[in-house]
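**Q** When you get a sec, could you give me coordinates for this:
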Amino acid sequence: GEAARQPPHEPATTTLATLTPEPAVDAAPGGGAPGGGAPGGGAPSATLAPVTSSVQVAPATSATVAPPATTPQTVPPAPPRATVFALGDSVMLSAAAALEGAVAGIAVDATVSRQVDEGVAALHAWRAAGGVADAVVVHLGNNGQFHGGQVDEVMAALGPATRVVFVNVRVPRRWEEQVNWSLGEVVPRYPNARLVDWHQSSQACPPGSFAEDGVHLQGGGGACYAAAVSAALR
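**A** Numbering: from 1, shown residues only. You can find the predicted model right below:
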């Protein structure tokens, strides 16, 4: 007999393991790559998170510049108001105490060896500082000539509202006549000015009223001088 038939041999088959691909990082649904790749196409791509900075930059601000420091200017106070302001040289100075006793509210500005131009400058400085008075006494010319133009300058500085009393000189010097002549000529031109003739009235002062120079006052001379001035202020 025939050999027993053997069932046909089936071809050998090899079973391949199916690899399941790992899911893509942040893969888009349907397998497409995020960001526009073809669906079901090429290899999935990783999506990188946007980089952010944790450093915060403060907004720029403009610097505020302080204004320059200013030094306050000190304005000297005005002289106290005097009822009478007396301006003179060493002759008036020798009678200052008697003047202060005889004339209420008088302020005496008298210095040794003061020339007329220095006295006029002192008057301007007093006015510039705010000095005011109801009346002003001017006794200059014992140390040199007193010109009519200087009388005009005094009157211009004081104005027509101020009473001004000029005192002429008793000084045995060559300029005595010139000073007394100028004052006698110019002072009467001003209705608010008066002239004390000290050269004449001093003759009535008691003995011992003058120092050895016959000019400066001592003893009762101060009171004699103050009486002549105060009478002109009335």
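
**Q** shaky segments in the chain?
**A** Where the chain drops to pLDDT under 70, the residues are 1-81.

**Q** So which residues of it form helices?
**A** When assigned using DSSP state H, the helices of the chain occupy the ranges 90-94, 96-102, 116-128, 148-158, 176-186, 198-201, 221-233.

**Q** Can you list the buried residues in stretch 150-167?
**A** Within stretch 150-167, the residues scored as buried using 16 or more other CB atoms under 10 Å are 150-151, 153-155, 157-158, 162-167. In this view, the C-beta of every residue, glycine as well, is placed from N, C-alpha and C.

**Q** can you check stretch 188-198 too?
**A** Under the neighbour-count criterion of 16+ other CB under 10 Å, stretch 188-198 has 190, 193-196, 198 buried.

**Q** which one of those residues sits closest to Trp181?
**A** Nearest to Trp181 out of the buried residues of stretch 188-198 is Leu195 (CB to CB; 11.8 Å).

**Q** Look up how far Val187 lies from that closest one.
**A** Relative to Val187, Leu195 is positioned 5 Å away (CB to CB, to the nearest Å).

**Q** do the same with Val120
**A** Spatial separation of Val120 from Val187 under the definition CB to CB is 15 Å.

**Q** Please apply the same query to Phe210.
**A** From Phe210 over to Val187 the distance is 24 Å, taken as CB to CB.

**Q** Counting neighbours, go ahead and name the busier of those two.
**A** Neighbours per residue, other CB atoms under 10 Å: of Phe210 and Val187, the larger number sits with Val187, 21 against 18.

**Q** thinking the more buried one is in contact with Val196, fair?
**A** No. In this structure Val187 lies outside contact range of Val196 using CB atoms under 8 Å: 9.8 Å.

**Q** so what's Ala133 closest to, chain neighbours aside?
**A** Taking CB to CB, 6 or more residues apart in numbering as the measure, Ala133 lies nearest to Phe85, with 4.0 Å between them; neighbours along the chain are not counted.

**Q** need the contact list for the one you found.
**A** Shown here is Phe85, whose contacts under the criterion CB atoms under 8 Å, 6 or more residues apart in numbering are 106-107, 109, 126, 131, 133, 135-137.

**Q** try 10 Å this time
**A** Counting by CB atoms under 10 Å, 6 or more residues apart in numbering, Phe85 touches 79, 105-109, 123, 126-127, 131-138, 158, 162.

**Q** Only the buried subset of those, as a PyMOL command please.
**A** Buried members of those, defined by 16+ other CB under 10 Å, are picked up in PyMOL with:
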select buried, resi 79+106+107+108+109+123+126+127+131+132+133+135+136+137+138+158+162
